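Chemist: Mind looking at a prediction? Sequence and model below.
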Amino acid sequence: MKHLKINKHYLLLKNWWETIDLTNYEKNFFNKEIISFNQKLYRLKEKKFIISAYGKSGVGKSSVLNSLLMKDIFKTDIINGSTREIQKEEWTLKDQMLNSIELQDSPGFDFCNIKSPDKINSCINHSDIILFVVSGDINRNELSEINSLIKNGKKIILILNKIDLFNKNELKEIIDNIKLKLPKDLNIPLITNNENNLKNYMTKIINQYGETLLTLSSLQLADKLFMRIKENRLKRRQKLAQSTIGKFSTIKASAVALNPFIIFDIAGSFALDTALISELSKIYGLKLRGESTKEIFKNISINNLFLGVTQVSINTSFNLIKKIILVTAPFTNGLSLLPYGPVAIIQAAIAIYSTRIIGKLAAQEIFIRSKVSLIDPSIMIQNITFKEPDIFNYVKIYLSNRNLNQNFVSFLP
């Protein structure tokens, strides 16, 4: 059953990626991220799981991984910073559905002479589980790194290493103090690295939740790429949208100001608003196949209707004034025409203002509609059923932070 689920999510993710029509500019601009995502997609297909040891220098990350392997593979030294680049080793476990498990050793995040920091960050981002290794009470820098990983959607297991340096009471005090510092809404496992304690715990986690964790990390990486593409497109199209709204505002202002007939004002305004919405749809369309353009226009039209009623009411009043001015002109030797200009200017200003509101409303509506997709990575994450909420409560935090960071209003016209 699990085997079928991971294949299902792989196909969904693969199909999602194939629906995104990237320009040549975007393919070049996001080249590294696209390669990274395709590598993750391949690992999902092949069920290749990654566990990374992470922490500051000198906490014993290499020795923790060696304890899982039950042999000295990763280099250890009495000098801090013996690991200067990513090192990898296969870990074989019996009776589990994954095809392979790779252990990754990384340099301390506080180490100055790190080789290829981008490569290290990429490896950490590809990890399905991060063993955050500490050798005592955590300090401010370690807590900051933990919080950063949590916001990034990473599954963390805290490993307390070098416990032989403390007596029983000291160890309890350290553990209690660490728990007080950790986020209260996230039950981060805290495992002591002694005898087979760590190996037994990791074996259990991987056997029960390995495929789900692999699926989640793949979906999160896809979601981050999706957000980056969307943000980039919005930034590039903001100026074009502003220019388009300005053009339509000018046209409508001229038409309304010069025309004294209400029916032509109404028809012309709605025609221009519809054309504006159509142009903005072309500008902001993310070109996700299967998206219903008619549905987008329907929702925008509902909002447009309320604005239209306001415009009609105001324009009706001003057009009546203009008609009275025109009708009375022969009887006042043209003196009644004097207010015609200011009235027309006021109408033009209202037309410009209302067009800009409609333009912003349309851009926001199109943007919202672009996110509604049955195969959006974040939707797929939300649709996964977790039998053990305590194991996966970090997903809620990721989705919450994702929504907070998804405020693209500043990129809209």
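Modeler: Noted; the coordinates are in hand. Residues are numbered from 1 along each chain as shown.

Chemist: Now do whichever strand or helix holds residue 150, average pLDDT.
Modeler: Mapping residue 150 onto the secondary structure by DSSP states H and E places it in helix 140-151. Confidence for helix 140-151, expressed as mean pLDDT, is 91.

Chemist: just stretch 276-295 next, same as before
Modeler: Averaging the model's pLDDT scores along stretch 276-295 yields 60.

Chemist: repeat for stretch 92-104
Modeler: In this model, stretch 92-104 has an average pLDDT of 86.

Chemist: Export it to CSV, keeping only CA atoms.
Modeler: Written as CSV, here are the backbone C-alpha positions of stretch 92-104 (Å, rounded to 0.1, in the frame of the first residue of the first chain):
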residue,chain,number,x,y,z
THR,A,92,21.7,-0.6,5.0
LEU,A,93,18.6,-1.4,7.0
LYS,A,94,16.6,-4.6,6.9
ASP,A,95,12.9,-4.8,6.3
GLN,A,96,12.2,-1.4,4.9
MET,A,97,10.5,-0.2,1.7
LEU,A,98,13.2,2.4,0.7
ASN,A,99,15.7,1.3,-1.9
SER,A,100,18.6,3.1,-0.3
ILE,A,101,19.5,5.3,2.6
GLU,A,102,22.3,7.8,2.3
LEU,A,103,24.0,9.3,5.4
GLN,A,104,25.6,12.8,4.8
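
Chemist: Now it: buried residues?
Modeler: Within stretch 92-104, the residues that qualify as buried by neighbour count (16 or more other CB atoms under 10 Å) are 93, 96, 98, 101, 102, 103, 104. C-beta coordinates here come from the backbone N, C-alpha and C atoms, glycine included.

Chemist: got any ranges where this protein has weak pLDDT?
Modeler: Using pLDDT under 70 as the threshold, the predicted model of the chain has low-confidence ranges 1-4, 77-84, 111-119, 253, 255-270, 284-355, 358, 365-375, 389-390, 404-410.

Chemist: Okay, domains of it per the record?
Modeler: Under automatic domain parsing, the residue ranges defining each domain of the chain are 2-226+379-405, 230-377.

Chemist: how long is the shortest one end to end?
Modeler: Put plainly, it is domain 230-377. From the first residue to the last, domain 230-377 extends over 13 Å; the measure is CA to CA, to the nearest Å.

Chemist: what does stretch 123-137 give?
Modeler: Terminal residues of stretch 123-137 lie 26 Å apart, using CA to CA.

Chemist: Mind listing what's buried along that stretch?
Modeler: Applying a neighbour-count criterion of 16+ other CB under 10 Å, one finds 123-136 buried in stretch 123-137.

Chemist: what do you get for stretch 174-187?
Modeler: Of the residues in stretch 174-187, 174, 175, 178, 182 count as buried by neighbour count, 16+ other CB under 10 Å.

Chemist: From those residues, which land in helices?
Modeler: Assignment to helices by DSSP state H places the following of these there: 174, 175, 178.

Chemist: Just the closest of those residues to residue 13, please.
Modeler: Nearest to residue 13 among these is residue 178, at 35.9 Å by CB to CB.

Chemist: So that closest one sits against residue 134, correct?
Modeler: Yes. Using CB atoms under 8 Å, residue 178 is in contact with residue 134, at 7.3 Å.

Chemist: which neighbours do the two share?
Modeler: Between them, residue 178 and residue 134 share these contacting residues under CB atoms under 8 Å, 6 or more residues apart in numbering: 158, 160.

Chemist: Can I get stretch 23-42 as CSV, trimmed to CA atoms?
Modeler: Coordinates of each C-alpha in stretch 23-42 appear next as CSV, following Å, rounded to 0.1, in the frame of the first residue of the first chain:
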residue,chain,number,x,y,z
THR,A,23,10.2,30.6,-20.9
ASN,A,24,13.8,30.3,-22.0
TYR,A,25,14.6,33.2,-19.7
GLU,A,26,13.2,31.3,-16.7
LYS,A,27,14.9,28.0,-17.7
ASN,A,28,18.2,29.9,-17.6
PHE,A,29,17.4,32.0,-14.5
PHE,A,30,16.3,29.0,-12.4
ASN,A,31,18.7,26.5,-13.9
LYS,A,32,20.3,25.4,-10.6
GLU,A,33,16.9,25.1,-8.9
ILE,A,34,15.5,23.1,-11.8
ILE,A,35,18.4,20.7,-11.8
SER,A,36,18.1,20.4,-8.0
PHE,A,37,14.3,19.7,-8.2
ASN,A,38,14.8,17.1,-11.0
GLN,A,39,17.4,15.3,-8.9
LYS,A,40,14.9,15.2,-6.0
LEU,A,41,12.2,14.0,-8.3
TYR,A,42,14.5,11.2,-9.4
